[in-house]
Structures are given as structure tokens and as C-alpha cells.
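A.B. asks: Quick one: sequence and predicted model below, then my questions.
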Amino acid sequence: DGGITQSPKYLFRKEGQNVTLSCEQNLNHDAMYWYRQDPGQGLRLIYYSQIVNDFQKGDIAEGYSVSREKKESFPLTVTSAQKNPTAFYLCASSMARGVTDTQYFGPGTRLTVL
Amino acid sequence: AQSVTQLDSQVPVFEEAPVELRCNYSSSVSVYLFWYVQYPNQGLQLLLKYLSGSTLVESINGFEAEFNKSQTSFHLRKPSVHISDTAEYFCAVRLNYGGATNKLIFGTGTLLAVQP
């Protein structure tokens, strides 16, 4: 089955700890994205990557880091510098080619800081 | 600045009644428009999109949306809803800068609550 997988589905973290969220896609998409979702605020872009070994900050990148060493993978690290990390995190990918480009989403990871 | 507005945070409706979820956008450049649906504790699923051509687009489960450039709107409609349509619906805009950027701007979502 082609698609986007995110793991784990639920994640608990103690304050002051870094944590890494996994995102893998087998759709052969060039671009990958990380969003944060909070109640009543919609989705906000954290980071995105159009090609391997390159990525750009989105609207709320502070306290987060990413890497893109493989086309299939785009892990997100939530660092201790992120002041309010409890949220639902969504990964997406797209072909990033022309006007028909459409983003497809994974099932999400719910992060709770204890 | 570009933005997407979903005026209704929640829309209660009875089963088999019609529904309209409103979406307006603000942009100085041309746009591409999307509706996504999110069921509880799940990711977003693409419902329908307008990229070009006919301004009326349809999904496989009976939803439709019409791009109205003069009113900068992309409202989502369904003539008869089912209990299973209960979910949160997000309108999103992708700006046409003519370059490679594919960033989406999302509205804050509308919860469609279908009651028996």
C-alpha cells in the first residue's frame, strides 16, 4: 500500500526532553511537510523540504529541527526550546511539480508533555 | 497578507438536511483551493480541489464546492448529509507565485455535527 506513515501515534514526553517524530512515505514524492495542529487554530507549517538535503523554515519553526537525508523520510525533532509542544503533529508530502501539486497527509502523532 | 477564513467553527445539522460550509480567502495573487476532511484523531484526507477549468468541483461522496473569484469564496455544499459526514472540514489555499513553492494556508476548520 502506498502512503504516509507516522510513528508513534501517541507520544508522552517529560519537560526538558527532546523527542523525534517519524514520518515515512513510499509515494515517491519530492516534497515533505510538517504541520502542527492546535484546537481552534487550524494547521500551521513548521518546516518543509522540496528535495533531499534541503529544507526551509515554515511559520512556526522555533524550537523544532528537521533533517532530510533520504527522499522517503523527514523526521521532526521537538526540542526542549519549544515552549508549548503539546499538540497534534501532521506530516504531509507532495510531488511538488507544477500547478496540479496536492499535499497528502499522514495519520498524525499526538504529543503530550507531562 | 494572505489568509483563509472559515466563518463557522461549528455547524449542527440534522441527517438528510442540506449543508453549506463557508470559506473565504484573501490573496493578491491567483490561488488554488482545497477542502480536506479530518475524522477524530486521524490525519487530513483530501475531499476536493480546484486547480483550473470548471469552477464547480465534486467529490465522490456527494460534496461539491464552487470557486467564486469575484467573491473570493470556495464554499462546500452537500444536498443531504449522513451521520458519517460528522467530521472537521478544513479549507486551504495554495498561492500561485509561479515558482516552486507549494505552501498551503489553512483555515481554522469547521466542525460538521450531523444529528439523527
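C.D. replies: Looks like it came in fine.

A.B. asks: Flag every residue of chain A that's near chain B.
C.D. replies: A:4, A:6, A:31, A:40-45, A:48, A:50, A:58, A:90, A:92, A:94, A:96, A:99-108, A:110 (Cβ under 8 Å from any Cβ of the partner chain). Bear in mind the C-beta positions are built from the backbone N, C-alpha and C, glycine included.

A.B. asks: ok, of the residues you listed, which come out buried?
C.D. replies: Listed as buried from the residues of chain A next to chain B are A:4, A:6, A:31, A:42-45, A:48, A:50, A:58, A:90, A:92, A:94, A:96, A:101, A:103-108; burial here means 16 or more other Cβ atoms under 10 Å in any protein chain shown.

A.B. asks: Now do the contacts for residue B:66.
C.D. replies: Neighbouring residues of residue B:66 by Cβ atoms under 8 Å, 6 or more residues apart in numbering or on different chains: B:55-57, B:74-75, B:77.

A.B. asks: which among those residues gets closest to chain A?
C.D. replies: residue B:57 (12.6 Å; Cβ to the nearest Cβ).

A.B. asks: Can you classify the closest one by secondary structure?
C.D. replies: Using DSSP: H, G, I helix; E, B strand; the rest coil, the structure places residue B:57 in strand.

A.B. asks: how many neighbours does it have?
C.D. replies: 21 (other Cβ atoms under 10 Å in any protein chain shown).

A.B. asks: Could you do residue B:24 as well?
C.D. replies: The local packing of residue B:24 (other Cβ under 10 Å) involves 17 other residues.

A.B. asks: Equivalent analysis for the one 5 residues further on, please.
C.D. replies: The tally of other residues near residue B:29 (other Cβ under 10 Å) stands at 9.

A.B. asks: again, but for residue B:21
C.D. replies: Neighbours of residue B:21 using other Cβ under 10 Å come to 24.

A.B. asks: Please list the residues of chain B that sit near chain A.
C.D. replies: B:9, B:32, B:34, B:36, B:41-46, B:49, B:51-52, B:90, B:94, B:96, B:100, B:102-104, B:106-109.

A.B. asks: Now the buried members of these.
C.D. replies: B:32, B:34, B:36, B:42-44, B:49, B:51, B:90, B:94, B:102-104, B:106-109.

A.B. asks: Filter the residues you listed down to the ones in strands?
C.D. replies: Counting by DSSP state E, those place B:32, B:34, B:36, B:44, B:49, B:90, B:94, B:104, B:106 in strands.

A.B. asks: and the two most separated of the residues you listed?
C.D. replies: B:32 and B:44 (16.1 Å; Cβ to Cβ).
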